[in-house]
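1. got a sequence here, can you build the structure:
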Amino acid sequence: MKRFLVSTLLTAGTSLAIHLYRKQQSPIDFIQETADRFEQKKAALSDVKRQSDEVKARLAAFQAELKRAQPAINSIESAVDQFQFKIQPHLDAIDKRLDALGKPKSDQ
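-> As a prediction, this is how the structure comes out:
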């Protein structure tokens, strides 16, 4: 177990040294860059949480408003159904007339 830990730490240290050498960066700059990146991620995460809370609040308000509007919605649906019932015979007559116009005449 000790050997595993030592080899893991040596590998991590070597990888960090190679990374710093390739980027021409000092360890202090690396730490500062990592801390800045962490703060950016933290700010982005808090922004996402705030937006999520706003969406939840707006959804709750929408659901409450939908409950208040339900009687009006039901009334409109009823009126549409009654209108559909009244015009259905006329629509059927129009469909029959269109079918008759679309058929070729066999008398010619």
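
2. tell me what the helix or strand of the chain with the lowest mean pLDDT is packed against?
-> Of all helical and strand segments in the chain, the minimum by mean pLDDT, DSSP states H and E falls on helix 2-23, at a mean of 83. Contacts defined by 3 or more Cβ pairs under 8 Å, 6 or more residues apart in numbering; DSSP states H and E place helix 2-23 against helix 27-102. No exception for glycine: its C-beta is placed from N, CA and C like everyone else's.

3. mean confidence for the helix it packs on?
-> Mean per-residue pLDDT for helix 27-102: 92.

4. does anything pack onto it? Which helices or strands?
-> Packing partners of helix 27-102 (3+ Cβ pairs under 8 Å, 6+ apart): helix 2-23.

5. show residues contacting the helix it packs on.
-> With contact meaning Cβ atoms under 8 Å, 6 or more residues apart in numbering, helix 2-23 is reached by 26-27, 30.

6. which one of the residues you listed is nearest Ile73?
-> The closest of the contacts of helix 2-23 to Ile73 turns out to be Phe30 (Cβ to Cβ; 60.5 Å).

7. let's see if you can find the most crowded of the contacts of helix 2-23.
-> Most neighbours among the contacts of helix 2-23, by other Cβ atoms under 10 Å: Phe30, with 14 neighbours.

8. any idea how far it is from Tyr21?
-> 11 Å (Cβ to Cβ, to the nearest Å).

9. what of Lys86?
-> 84 Å.

10. so who does Ala69 touch?
-> When the contact criterion is Cβ under 8 Å, 6+ apart, Ala69 has no partners at all.
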